[in-house]
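Enquirer: Sequence first, then the predicted structure:
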Amino acid sequence: MDGKVWLALGVILAVGLAIAAAVLLVRVFAARKLLLDSGIPLQDKALFWAAVVYTISPVDLIPDPVYLDDVGFLLLALRSLHAAAGAVRTSKDPGATV
């Protein structure tokens, strides 16, 4: 393969990861209603804000054309928020399914 093919693949990958990061950021903001729940631990709420700040921050572990670190951090924040919300629901209603 020549350089143009690799460049095209790189651009497609970068655009795909940027779209994934944007979709996850929207899902994180949609999950912000969980922040109002008093039963969710403070560390999970702080992780939410840390993920948002990290995603929009110009300082990254991996330079911004590659959004793998942003996507990973957003996934971690979403999973943490939903796991904490599920634990709160289960403790409030032991018969509830998550």
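Expert: All right, it came through fine. The structure displayed is predicted, hence computed values, not measured ones. Residues are numbered from 1 along each chain as shown.
Enquirer: Measure how buried Arg89 is and give me the count.
Expert: Applying other Cβ atoms under 10 Å, we find 15 other residues in the vicinity of Arg89. C-beta here means a position set from N, CA and C on the backbone, and glycine is covered the same way.
Enquirer: Next up, phi/psi of it, please.
Expert: Arg89 has phi and psi values of phi -60, psi -40 when expressed as degrees, to the nearest 10.
Enquirer: and the helix or strand Asp70 falls within, what does it pack onto?
Expert: Assessed by DSSP states H and E, Asp70 sits inside helix 68-92. Applying 3 or more Cβ pairs under 8 Å, 6 or more residues apart in numbering; DSSP states H and E, we find helix 68-92 packed against helix 3-30, helix 42-56.
Enquirer: so what's the closest residue to Gly39 other than its chain neighbours up against?
Expert: Ranked by Cβ to Cβ, 6 or more residues apart in numbering and with sequence neighbours excluded, the top spatial neighbour of Gly39 is Val88, at 3.7 Å. Shown in contact with Val88 (Cβ atoms under 8 Å, 6 or more residues apart in numbering): Asp37, Gly39, Ile40.
Enquirer: ok, of the residues you listed, which come out buried?
Expert: Ile40 (16 or more other Cβ atoms under 10 Å).
Enquirer: Helix, strand, or coil at Asp60?
Expert: coil (DSSP: H, G, I helix; E, B strand; the rest coil).
Enquirer: contacting residues around it?
Expert: Contact analysis of Asp60 by Cβ under 8 Å, 6+ apart lists Tyr54, Asp69, Asp70.
Enquirer: do the same with Leu76
Expert: Taking Cβ under 8 Å, 6+ apart as the test, what Leu76 contacts is Leu47, Ala51.
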